[in-house]
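Enquirer: just to be clear, the model below is a prediction. Sequence and coordinates:
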Amino acid sequence: MSAKKSAKILTSTLLAAALMTGTTGRVSADIGDAIAGGIIGGLIVGGIQSSQRPRTQTRTVIVDSGARQLAREVQTALNHFYFNVGAPDGVLGRQSRAGISQYQAYLGFPITGQLTEFERQVLVTSYQRAQFGGPQVIQVSQSHPDGLRGFLLVVRDEMLGRPQQPGTLTAAAPVAEPAPQATAAAAPVTGMPNFVGSGGRAQQASLASHCNRVGLVTSANGGYTTLGTITDPGFTLNEQFCLARGYAIADGEALMAQLGVVPQDVAAQCAGLGSTLEPQVAALSLQSREVVLAGMTQWVLTSGMSTADLATNARICLSSGYATDNLAVAIGSALILAALGETAYGELPAHHLMQGIGATQRPDLAAQWYRTSMPVAEGMAVSFQPGPADRNRLILAAVDMATGAQPAAAAATQPAAPVTQPTAPAGK
């Protein structure tokens, strides 16, 4: 009896050891696959059952990669329309459900935190069309009180079979059930009236459209304004603003290609940066350059990222911000670079302040940024090329003329755009 019992124990021990070895190999393989594929899966290993025979049960639960991709697509689209849900990770957690609820409230859908197929189609279709661009997207972005977000309402009505009237884009976005939106957006500042509507966001000019118009005038004039042909300092600065924007976009796209990242994913993640830096971007319109950079430097010190990585990411987000017309991201990224000692990037906040695009128009504050970012005496190399060799002197001369720092013989009485007085044949 004792020998039989010993044999039974030995057999059970060998069986358990074999099962443990097999389970360990399976776990290692699954972890390796998860790391290699970037898929977050759940590995649930059952214990040894003690019914009649010892038994090991292993269950592997893997989140479907297709479902994760759909969730990531939803998160990216929500971020694009300013329903900030953080970095798209393919997991619709609490933050994503909150963003979905805000989206549902805005469009007048039942607020559940979970998308129906129709609600998802409206969101994703709107995002894809917004990415593609076109006259309708630009028109809605410029004319709707909620900016680009208003495009969601246009797509919703189209998919419901309620096409918009051509001249009613600014007022054609009433939410079917306004009560949830009104309560969600209430919370006014004590004692301060609100004349901009419950959306809480003033209309923002499109820099992309602005630069398209500037480019047309430049082409009609036969080329860029030079130091010897300045007649309209404001337009001269616009030309250099748009040139710098184009350079920043190209520079960031080159970095994205090197790192193998997709612009759509970059845009979604950089949108979160724009939300984080809202206080610093707002300060740009109110405080001196020194105060703004002091606050920005403090943020850099507490970011937990090396300065080299910060600079690379800021250049990428600068590009993405300008490419997607997310000016909060673009300005915030430029401020990071300026705080890191990339002084020439201070030219960008100066342009925003001078033109009143993405910031309050403050020529006085703009002049501080211009003069510190491009000291001619030092022969400082400019960050934004191609451009004239004397670009720094050209910009500073235009700044002096625009702010009255020096006599502006021609410009003082010449507010019109230079298209009325081309200096070279059209079509360079």
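Expert: Great, that's in hand.

Enquirer: just give me the neighbour total for T360.
Expert: Residues contacting T360 under the criterion other Cβ atoms under 10 Å number 12. C-beta coordinates here come from the backbone N, C-alpha and C atoms, glycine included.

Enquirer: break this structure down into its domains, please.
Expert: If you go by automatic domain parsing, the domain ranges for the chain are 2-61, 66-184, 207-420.

Enquirer: now the ones you listed in a markdown table, with mean pLDDT?
Expert: Formatted as a markdown table, those follow (pLDDT from 0 to 100):
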| stretch | mean pLDDT |
| --- | --- |
| domain 2-61 | 41 |
| domain 66-184 | 79 |
| domain 207-420 | 84 |
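
Enquirer: what are the ranges of the strands in the protein?
Expert: Ranges of strands in the chain, per DSSP state E, are 42-49, 55-61.

Enquirer: so what's the residue count around the nearest residue to G113 once chain neighbours are set aside?
Expert: With sequence-adjacent residues excluded and distances taken as Cβ to Cβ, 6 or more residues apart in numbering, G113 is closest to R97, at 3.7 Å. Neighbour count of R97, defined by other Cβ under 10 Å: 15.

Enquirer: and R97, how far is that from Q114?
Expert: R97 sits 7 Å away from Q114, going by Cβ to Cβ, to the nearest Å.

Enquirer: just M401 next, same as before
Expert: According to Cβ to Cβ, M401 and Q114 sit 58 Å apart.

Enquirer: these two: which is more packed in?
Expert: Set M401 next to Q114 and count neighbours by other Cβ under 10 Å: M401 wins out with 23 against 13.

Enquirer: for L207, which non-adjacent residue is closest in space?
Expert: Residue nearest to L207 in three dimensions, not counting chain neighbours: I357, with 5.4 Å by Cβ to Cβ, 6+ apart.

Enquirer: and the one you found, what are its phi and psi?
Expert: The phi/psi pair for I357 (degrees, to the nearest 10) reads phi -110, psi 120.

Enquirer: again, but for P88
Expert: The phi and psi torsions at P88 (degrees, to the nearest 10) take the values phi -70, psi 110.

Enquirer: residue contacts, it?
Expert: By Cβ atoms under 8 Å, 6 or more residues apart in numbering, the contact set of P88 is 72-73, 75-76, 79, 265, 268-269.

Enquirer: mind running it again at 7 Å?
Expert: Residues in contact with P88 (Cβ atoms under 7 Å, 6 or more residues apart in numbering) are 72, 75-76, 265, 268.

Enquirer: filter those down to the buried ones, PyMOL style.
Expert: In PyMOL syntax, the buried subset of the contacts of P88 is picked out as below (16 or more other Cβ atoms under 10 Å):
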select buried, resi 72+75+76+268
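
Enquirer: can you give me the neighbour number for the closest residue in space to F151 that isn't next to it in sequence?
Expert: Distances taken as Cβ to Cβ, 6+ apart put V140 closest to F151, at 4.7 Å, once the chain neighbours are dropped. V140 is flanked by 25 other residues according to other Cβ under 10 Å.

Enquirer: isn't V140 up against G150?
Expert: Yes - using Cβ atoms under 7 Å, V140 is in contact with G150, at 5.3 Å.

Enquirer: for Y106, see how far away the residue nearest to Q102 when sequence neighbours are not counted is.
Expert: Spatial nearest neighbour of Q102, chain neighbours left out: F83 (4.9 Å); criterion: Cβ to Cβ, 6+ apart. Distance, F83 to Y106, using Cβ to Cβ: 8 Å.

Enquirer: do N221 as well
Expert: According to Cβ to Cβ, N221 and Y106 sit 43 Å apart.

Enquirer: residues contacting D265?
Expert: D265 is in contact with 76, 88, counting by Cβ under 7 Å, 6+ apart.

Enquirer: what's the closest non-adjacent residue to G332?
Expert: Distances taken as Cβ to Cβ, 6+ apart place L277 nearest to G332, at 3.5 Å, with adjacent residues excluded.

Enquirer: count the neighbours of the one you found for me.
Expert: Using other Cβ under 10 Å, L277 has 22 neighbouring residues.

Enquirer: same thing with the one 4 residues further on?
Expert: For V281, the count of nearby residues is 24 (other Cβ under 10 Å).

Enquirer: related to what we said a few turns ago, hang on, isn't the residue nearest to G332 packed against I331?
Expert: No - checked against Cβ under 7 Å, the pair L277 and I331 is beyond contact range at 8.1 Å.

Enquirer: quick one: S320 and C270 touch, right?
Expert: Yes - taking contacts as Cβ under 7 Å, S320 lies within contact range of C270: 4.6 Å.

Enquirer: mutual contacts of the two, please.
Expert: Common contact partners of S320 and C270 (Cβ under 7 Å, 6+ apart): V329.

Enquirer: tell me the helices in the stretch 151-300 of the chain, going along the chain?
Expert: Per DSSP state H, counting those that start in this stretch, the stretch 151-300 of the chain carries helices over the ranges 178-184, 207-220, 233-259, 263-276, 278-284, 289-301.

Enquirer: quick check: angle from the third one to helix 207-220?
Expert: Comparing the axes of helix 233-259 and helix 207-220 via axes from the mean of the first three to the mean of the last three Cα atoms, to 10 degrees yields an angle of 120 degrees.

Enquirer: distance check, the closest residue to I100 other than its chain neighbours against S275.
Expert: Nearest residue to I100 in three dimensions, chain neighbours excluded: G113, at 5.3 Å (Cβ to Cβ, 6+ apart). Per Cβ to Cβ, G113 is found 20 Å from S275.

Enquirer: dihedrals phi and psi, the closest residue in space to R68 that isn't next to it in sequence?
Expert: Nearest residue to R68 in three dimensions, chain neighbours excluded: G90, at 3.5 Å (Cβ to Cβ, 6+ apart). With angles defined as degrees, to the nearest 10, G90 sits at phi 80, psi 10.

Enquirer: all set, thanks.
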